[in-house]
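S.K.: Sequence plus the predicted model coming up.
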Amino acid sequence: MATAAAASTLSWLHSLGGTQSETTNVNDRRNRVVIVFAQKKAKQTRKIILKEDVEHLGKKGQLLDVKAGYFRNYLLPMGKAQIITPTLLKEMKMEEERIEAEKQRVKEEAQQLALIFETVGAFKVKRKDGKGKQIFGSVTAQDLVDIIKAQLQRDVDKRIVSLPEIREMGKYIAELKLHPEVTARVRVNVYAN
């Protein structure tokens with residue numbers, strides 16, 4: 001047994017470039033040489049895609065490398081991740097293209113709607129007059145939404161309307177944020193009836 005171990009050590013030492021004199025020292029009983037090599041265990045990781053947001057890890061659809069145990073013991077049983085495959089990558093790419101096309105279509109619709117609002121001219125708002133140029137009450141976003149619906153037959157959410165404080169007769173500009181990248185500027189004329 002000892003000779004087999006010495007022989008395997010000799011062949012191994014030769015493969016590392018050891019000389020004959022170094023190898024004879026291994027067989028010499030008085031001068032024993034013990035060679036210890038410590039190798040780190042290779043980290044096992046898995047390439048995954050997240051199916052949903054995972055706290056402290058990433059967002060849905062993100063590609064990550066995680067430790068095999070974390071994937072096997074937590075992410076996979078909870079249904080939060082999936083191992084990446086070529087077909088899955090193709091499906092993801094197609095889904096991203098579809099989402100991007102949908103975003104572009106929504107943006108184009110918002111731009112067309114903004115063009116319609118800006119070419120209409122001014123929206124006229126009637127209010128009961130008070131002293132001088134002042135009016136009773138004020139003109140609110142809901143008032144502007146009602147006028148747009150009456151004139152253009154378009155439903156607009158009042159939360160996208162940004163209107164300055166209107167308490168006097170005159171001409172004002174309101175902004176409609178139709179899309180994060182598209183804003184329509186609309187003229188509002190306030191006059192007494």
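M.R.: In hand now; what should we look at?

S.K.: What ranges does the chain have for its strands?
M.R.: In the chain, the segments counted as strands under DSSP state E are 45-50, 63-67, 81-83, 122-127, 134-139, 161-162, 166-168, 170-179, 182-192.

S.K.: State which helix of the protein is the longest.
M.R.: Of all the elements of type helix in the chain, the one with the most residues (DSSP state H) is helix 86-119.

S.K.: helices or strands up against it?
M.R.: helix 141-152, strand 170-179, strand 182-192 (3 or more Cβ pairs under 8 Å, 6 or more residues apart in numbering; DSSP states H and E). Placement of C-beta: from N, CA and C, glycine included.

S.K.: swap the cut-off to 7 Å and go again
M.R.: Of the remaining helices and strands, those touching helix 86-119 by 3 or more Cβ pairs under 7 Å, 6 or more residues apart in numbering; DSSP states H and E are strand 170-179, strand 182-192.

S.K.: Find the residue ranges of this structure scoring beneath the pLDDT cut-off.
M.R.: By pLDDT under 70, the low-scoring segments of the chain are 1-31, 36, 38, 42.

S.K.: let's see it at 90
M.R.: When the per-residue scores of the chain are filtered using pLDDT under 90, the ranges that remain are 1-46, 60-61, 88-89, 91-93, 95-96, 116-123, 125-139, 151-156, 165-169, 191-193.

S.K.: now the residue nearest the centre of the chain: how far from residue 35?
M.R.: Most central in the chain under Cα atoms, centre = their mean is residue 59, positioned 6.8 Å from the mean C-alpha point. Between residue 59 and residue 35 the computed distance is 49 Å (Cβ to Cβ, to the nearest Å).
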